[in-house]
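Engineer: here is my input; please provide its structure:
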Amino acid sequence: MRGAARPEPARPPARPCRVPPSAAERAERGSAAPAAPRGGARPAAPTRRGRDRATERGRRGRRGHSVLLQHAEERTLLPTPPRFLPSGLARAGPGSGAHTWAVPRRAAPVRPRAKDGAFSSPESNLPSVQQGQAKPEILPDLNAKILDEDWDDIPPSSALEVISEEEAVQIIAEPLLPIQSSTLRDYVDHSETLAKLVHLGVDLSQVEKRQKAGQLLLTLDFEKDVKKILLFLKDVGVEDNQLGPFLTKNPYILGEDLEALETRVAYLKSKKFGKSEIAQMVSRAPYLLLFSVERLDNRLGFFKNELGLSVKKTKDLVIRLPRLLTGKIEPVKENLQVCQIELGFQRNEIQQIVCKTPKILTASKKRLKQTFDYLHNIMGIPHHMLTRFPQVFNSKLLRIRERHMFLAFLGRAQYDPAQPSYISLDQLVSLPDEVFCTEIAKASMQDFENFLKTL
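Structural biologist: Residues are numbered from 1 along each chain as shown. Sure thing, here's the model as predicted:
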């Protein structure tokens, strides 16, 4: 039937596990009769010669058994247990039972000889078999006192060590250096250079606005890089109270090579600039010493040739306005063209205007044209009068217009030196309001203020 379970086949009986006999058992079995063969046939009766051989084998087995017992006793005296036993244990002996274990005795420590201090071999310290069971010698302990003294010198390395509240209050954590910041204020406490520059009067809020100036200061060492530049500036003639404002305007000089700076100062001295004049130029134009000797020489040659000035007048021009050596040259060229083409001044008149008022070269073109238009076309002042008083171009157009209209209202707007009640352009724009009203307009300050309200 399909649903019936199939009977399991009978398994053969398990064969018993044979344990190999020991040496003593093999010796005792040597005198016994040999085992019957597997075929079931009984062996033949031993002969006399066979019995003699069996007796001899038995004697040899008993002799080997005694030798094994002697070796077992010797192993109990060795310093290390046999390889086939667990570590630290050895068989106790033939008479203590098959499953009895004993701790092996230690070998005697190596001791130096009394005379020459040489060490004896380990074999000489082992006890002999004939000696009795000796007590195991205990090795001397390490000097605990010395260890305690050594460990006392080592500071505690655990971060979880419990400390008192007084010790916790005394712990001061240093602030971390910011990886990135938009202001130099975060680095002042970590940088000796920034801290000393602040003491000199450097405005770091203005320095950090300049391109890559903050990164430059953070990479400088005060003793190696900054100190020598400060001493150089003092030798040039920069006053102590001007070092802070100077470095605020030009922090890049701290990264310049000292030898290059000295070369540029030597060039100015070769052009007959005095020490006080160089100090004035450097203080008023902080970027002057950043320019190479070639650029300074080209700029001086431009003003000398373009304006037709002598060497002395060219030197006086850059002393009064040293920014002409450091600023862009394009605005200067454009203003010269405006004065000559649009305003109608002659070349010699432009030379006089520039020598008296160098700022006209860097003024706004739009403002310059508006001021000229009001002075020349509305007030009627000719070119030669404007050439005599070019400082009027530096005044505000609103101020010129208010005072001219007040004088015209009073009937005193006379700018011709050949006519009575002449008013110079210098008095018109340079005097304060109180002096202008009392000495030029011959009126009170209240009258002038009331007139301004009508405009």
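
Engineer: what's the burial count for residue 195?
Structural biologist: Residues near residue 195, counting by other Cβ atoms under 10 Å, number 13. Placement of C-beta: from N, CA and C, glycine included.

Engineer: wait, it sits on residue 184?
Structural biologist: No: with contact defined as Cβ atoms under 8 Å, residue 195 does not reach residue 184; the gap is 10.9 Å.

Engineer: can you show me the strands along the chain?
Structural biologist: Using DSSP state E, the strands assigned to the chain run over residues 90-91, 101-102.

Engineer: now the first one: mean pLDDT?
Structural biologist: The predicted model assigns strand 90-91 a mean pLDDT of 44.

Engineer: pull the contacting residues for residue 276.
Structural biologist: residue 237 (Cβ atoms under 8 Å, 6 or more residues apart in numbering).

Engineer: what pLDDT is listed against it?
Structural biologist: In this model, residue 276 carries a pLDDT of 93.

Engineer: from residue 315, how far off is it?
Structural biologist: 13 Å (Cβ to Cβ, to the nearest Å).

Engineer: next, count neighbours for residue 358.
Structural biologist: By the measure other Cβ under 10 Å, the count of residues near residue 358 is 20.

Engineer: surely it meets residue 321?
Structural biologist: Yes: using Cβ under 8 Å as the test, residue 358 is close enough to residue 321 to be in contact (3.8 Å).

Engineer: what about the residue nearest to residue 193 when sequence neighbours are not counted, how many residues nearby?
Structural biologist: Taking Cβ to Cβ, 6 or more residues apart in numbering as the measure, residue 193 lies nearest to residue 222, with 4.4 Å between them; neighbours along the chain are not counted. When counting by other Cβ under 10 Å, one arrives at 16 neighbours for residue 222.

Engineer: residues contacting the closest residue to residue 392 other than its chain neighbours?
Structural biologist: Counting by Cβ to Cβ, 6+ apart, residue 425 is the residue found nearest to residue 392 once chain neighbours are left out, at 4.8 Å. Contacts were defined as Cβ under 8 Å, 6+ apart; by that measure residue 425 touches 375, 381, 385-386, 388-389, 392, 415.

Engineer: pull out the buried residues from those.
Structural biologist: Among the contacts of residue 425, the ones that count as buried by 16 or more other Cβ atoms under 10 Å are 375, 381, 385-386, 388-389, 392, 415.

Engineer: check the residues you listed and tell me the two furthest apart.
Structural biologist: Taking every pair in these and measuring Cβ to Cβ, the maximum separation is 12.4 Å, between 375 and 388.

Engineer: the closest residue to residue 196 other than its chain neighbours and residue 192, how far apart?
Structural biologist: Beyond its immediate neighbours in the sequence, the residue positioned closest to residue 196 (Cβ to Cβ, 6+ apart) is residue 222, lying 5.4 Å away. Using Cβ to Cβ, we find residue 222 at a distance of 5 Å from residue 192.

Engineer: how about residue 281?
Structural biologist: Distance of residue 281 to residue 192, given as Cβ to Cβ: 32 Å.

Engineer: and the two? Which one has more around it.
Structural biologist: Set side by side, residue 281 and residue 192 show unequal neighbour counts under other Cβ under 10 Å, the larger going to residue 281 at 23 against 13.

Engineer: what's near enough to touch the more buried one?
Structural biologist: Taking Cβ under 8 Å, 6+ apart, one finds 268, 273, 288, 318-319, 322, 325 in contact with residue 281.

Engineer: for residue 108, give me the pLDDT.
Structural biologist: Residue 108 carries a pLDDT value of 47.

Engineer: what does residue 121 give?
Structural biologist: Residue 121 is assigned a pLDDT of 45 by the prediction.

Engineer: swap in residue 208?
Structural biologist: Spelled out, the predicted local distance difference test score at residue 208 is 88.

Engineer: quick one: low-confidence ranges for this structure?
Structural biologist: Flagging of the chain using pLDDT under 70 yields the residue ranges 1-160, 173-182.

Engineer: make it 50
Structural biologist: Within the chain, the set of residues satisfying pLDDT under 50 comprises 1-5, 31-41, 76-132, 142, 146-147, 150-152.
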